Structures are given as C-alpha cells and as structure tokens.
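A.B. asks: my questions are about this predicted structure, shown below with the sequence.
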Amino acid sequence: MRLEFQRKSLDFNLDGSLRGTIVTLGNVENSHVPILLLGDKTTLSNQELFDLAMEKFYQENFPQRAENEKFNLMAEKIAQADEATDRMNKQYIKMEQFMKMMSQTINEAIMSIAAGKEDDKTTIESE
C-alpha cells in the first residue's frame, strides 16, 4: 500500500484546547490513515507533514524498525571496514614484495661493485 498525503486539520479537546494536527494519509484504493501529531503543525509543508506522519506511523507499528536500521548500518560499516582491511593487507603484501626486490637489487649492485674493485686490485697487483 503506497500512502500519500491527503489533508491536514487541527484537532481540539472537549475543553477547546489544541490536541494536535491530524495528518490524513491515504492511497488510490480510498484507504485513510489518520495520524495525530502533537501541536499545531499546519505551517509545515505537505511533504514535511507526510514525513513526520510516516515516521510516527512506523514508530507505532514497527517499534523495532529503528533498532533494525541501526544493526543494518553497523553491519554495513563492518563490511566496509573489512574491505578496507583487505585492501590494506594486499597493499602491504605488494610493498613487502617490492622491498624484497629492491633489497635484492641493491645487494646485487653492491656485490657487483665489490667484485669490480676486487678485479681492479687483482689487475693492479698483477702489473
């Protein structure tokens, strides 16, 4: 059932004091759902009244909704954190491999330089 804003009106107690604003939601099948919002809310836009009425409707009829939404949000955040951790681990492995390769290259260069100096010493001594 898709509810839409239909009308708004003020509701008063028997003593004439303001009870609240009644927002009537309905659908194309001619169903009506009156929602009482405390205080005079008639200055709000129809969209704002619709949003407030729907929120009250959900709070009254689905009290676990907010808690479920919080759990869903937490699960979503945990999944995002897990993905970030996986990306960081993969990046760490790449950096570790890069460092090993650089270390090996530097060691080979040092060995080559050292071997070149040994060849130079041998050449000078043999002359």
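C.D. replies: Looks like it arrived, so ask away.

A.B. asks: name the nearest residue to L37, sequence neighbours excluded.
C.D. replies: Nearest residue to L37, sequence neighbours excluded (Cβ to Cβ, 6 or more residues apart in numbering): T21, at 4.8 Å. Any C-beta I mention is one placed from the backbone N, CA and C, and that applies to glycine too.

A.B. asks: each with direction, which strands does the helix or strand harbouring the one you found pair with?
C.D. replies: In this structure, T21 sits in strand 18-26 according to DSSP states H and E. With DSSP bridges as the test, strand 18-26 is paired with strand 4-12 (antiparallel), strand 32-38 (antiparallel).

A.B. asks: the residue nearest to L37 bridge partners, please.
C.D. replies: Residues in beta-bridge contact with T21 (DSSP bridges): L10, L37.

A.B. asks: need the contact list for it.
C.D. replies: Shown in contact with T21 (Cβ atoms under 8 Å, 6 or more residues apart in numbering): 8-11, 36-37, 39-42, 49.

A.B. asks: go again with 10 Å.
C.D. replies: T21 is in contact with 8-11, 35-44, 49, 52-53, counting by Cβ atoms under 10 Å, 6 or more residues apart in numbering.

A.B. asks: same deal with E55?
C.D. replies: 35, 37, 65-66.

A.B. asks: got these as TSV, with neighbour count columns?
C.D. replies: Below are the contacts of E55 laid out as TSV (neighbours: other Cβ atoms under 10 Å):
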residue	neighbour count
I35	21
L37	19
R65	12
A66	12
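
A.B. asks: what is the nearest of the residues you listed to G16?
C.D. replies: Ranked by distance to G16 (Cβ to Cβ), the contacts of E55 are led by L37 at 19.1 Å.

A.B. asks: my read: the closest one touches Q59, true?
C.D. replies: No: assessed by Cβ atoms under 10 Å, L37 is found out of contact with Q59, at 11.8 Å.
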